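Asks: What follows is a predicted protein model with its sequence.
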Amino acid sequence: MKLTQILKASNFRALVTKAKKTPASIESLSIAELPKESTVKQSPGKCDTIVNVKYSNLNYKDALVALGKYPGLKPPMVPGIDLVGTIESSESDKFKAGDSVLINGFGVGTDHFGGFAEKASVRHEWLMPLPSGLDPLDAARIGTAGYTAMLCVDALKKGGVEPNAGEVLVTGASGGVGTVALALLSELGYKVAAVTGKSDPDVADLLTKLGASSIVARSNFESDPRPLARETYAGAVDTVGGNVLTNIITMIKHSGVVAACGLAGGMDLKGLTVAPFILRGVTLRGIDSVFLDMARRQSVYETYTPILLNSKSLELITAGNDQVIGLDQVAEKAKLMLSGDIKGRYVVKI
């Protein structure tokens with residue numbers, strides 16, 4: 001085979017955002033164009049492993065990057081903060097060709113070429129072996145959103161919030177983190193109030209099928225907060241932030257826990273006082289999924305993945321073939337995601 005043929009054969013498809021405020025387009029890239037070193041400042045080092053990507057999924061960050069709207073975007077960038085695939089080659093003795101692996105976070109897809117491409121060049125330290133019993137499609141259905149939901153649920157459990165303590169809240173309940181958190185908590189025996197800003201009957205139907213005992217309008221948590229409100233909820237998983245999170249904290253029962261992992265509603269906690277913390281012993285637990293150590297990641301996957309698989313919740317969350325999409329559909333779904341017009345999870349088949 002001629003050298004030109006070899007080089008052409010090594011080319012692969014990737015969704016690339018070339019400029020700010022410009023939607024990504026499908027391009028043909030060569031192995032030589034993949035990063036040789038990590039472009040993530042928090043995790044520097046040599047990219048010593050090539051992964052053949054099978055699946056990714058569409059997260060909020062991916063939607064921003066794919067439409068050129070991500071704050072601090074450094075084009076060109078390949079979105080995809082998740083990837084599931086097999087090792088093509090690795091200089092690390094921890095992996096061999098053909099091993100099934102996944103990545104959640106570590107800055108891929110925002111600061112380093114991510115999973116919306118047929119190949120990815122990464123540090124082996126970012127890779128987790130695909131957990132036993134988990135197939136690639138289900139791993140993509142879980143993704144960073146599901147893994148973050150596992151961390152949130154784990155924070156409630158380890159914080160002492162038991163199912164008999166009372167109802168727990170899940171905000172953004174129709175989104176990626178929310179649907180998985182709702183499903184997990186319900187399977188674990190918790191009574192769950194699903195908070196959503198959507199009035200679509202299909203959304204209510206999905207939340208009910210995932211185990212919601214009640215559905216609460218997000219507007220109930222958007223007013224200016226009081227220092228303390230009536231003790232109502234034993235705990236909460238919050239994906240919104242802002243006034244919603246502030247109001248929730250004031251409503252948590254004594255010794256309750258709030259796991260906070262999102263800021264779609266804002267970064268400020270205006271009007272929040274120390275009262276819930278020193279008068280009710282409430283714990284606000286921040287959840288970071290991006291740079292968490294590998295042992296912790298593996299622990300929550302081992303604990304909570306069997307629950308998801310046994311419950312069939314993942315099929316509900318990504319119900320129907322229309323929620324397994326190709327690279328050519330990402331821009332369309334990204335627009336819907338940013339406008340709040342989708343529910344559940346979208347898997348991207350590479």
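Replies: Arrived safely.

Asks: what ranges of this protein fall below the confidence cut-off?
Replies: 1-9, 319-322 (pLDDT under 70).

Asks: Tell me how it divides into domains.
Replies: The record's domain parsing of the chain by automatic domain parsing lists 7-130+318-349, 144-286.

Asks: Could I get those in JSON lines, plus columns for distance to Thr303 and mean neighbour count?
Replies: All C-beta atoms are positioned from the backbone trio N, CA, C, and that covers glycine. Shown next, in JSON lines, are the domains of the chain (distance: least, C-beta to C-beta, whole Å; neighbours: other C-beta atoms under 10 Å):
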{"stretch": "domain 7-130+318-349", "distance to Thr303": "14", "mean neighbour count": "19"}
{"stretch": "domain 144-286", "distance to Thr303": "7", "mean neighbour count": "21"}
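
Asks: right, so of these, which gets closest to Ile307?
Replies: domain 144-286 (5.1 Å; C-beta to C-beta).

Asks: just so I have it, where are all the helices in the stretch 51-200 of the chain?
Replies: Under the criterion DSSP state H, counting those that start in this stretch, helices of the stretch 51-200 of the chain are mapped to 60-66, 136-158, 176-187.

Asks: Go through the domains of the chain and name the closest to Tyr304.
Replies: The nearest among the domains of the chain, by C-beta to C-beta, is domain 144-286 at 4.3 Å.

Asks: where does the closest one sit relative to the chain's centre, distance-wise?
Replies: 16 Å (C-alpha atoms, centre = their mean, to the nearest Å).

Asks: That one: end-to-end distance?
Replies: 16 Å (C-alpha to C-alpha, to the nearest Å).

Asks: again with stretch 184-200
Replies: 23 Å.

Asks: Same check on stretch 108-117?
Replies: By C-alpha to C-alpha, the extent of stretch 108-117 from end to end equals 12 Å.

Asks: who touches that stretch?
Replies: Contacts to stretch 108-117, defined as C-beta atoms under 8 Å, 6 or more residues apart in numbering, come from residues 12-15, 24, 29, 34-35, 38-41, 53, 55-56, 59, 61-62, 65-66, 70, 74, 77-84, 103, 106, 120-122, 126, 327, 330, 348, 350.

Asks: what does stretch 16-30 give?
Replies: Counting by C-beta under 8 Å, 6+ apart, 7, 10-15, 65-69, 73, 75-79, 116-117, 119, 327-328, 330-331 sit against stretch 16-30.

Asks: go again using 10 Å as the cut-off
Replies: By C-beta atoms under 10 Å, 6 or more residues apart in numbering, the list of residues contacting stretch 16-30 from outside reads 7-8, 10-15, 33, 62, 64-79, 113, 116-119, 326-328, 330-332, 334-335.

Asks: rewinding a little: how about TSV for the helices of the stretch 51-200 of the chain, with distance to Ser92 added?
Replies: Shown next, in TSV, are these (distance: least, C-beta to C-beta, whole Å):
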stretch	distance to Ser92
helix 60-66	27
helix 136-158	20
helix 176-187	30
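
Asks: My guess is Tyr60 contacts Ala264. True?
Replies: Yes - counting by C-beta atoms under 10 Å, Tyr60 touches Ala264, with 7.2 Å between them.
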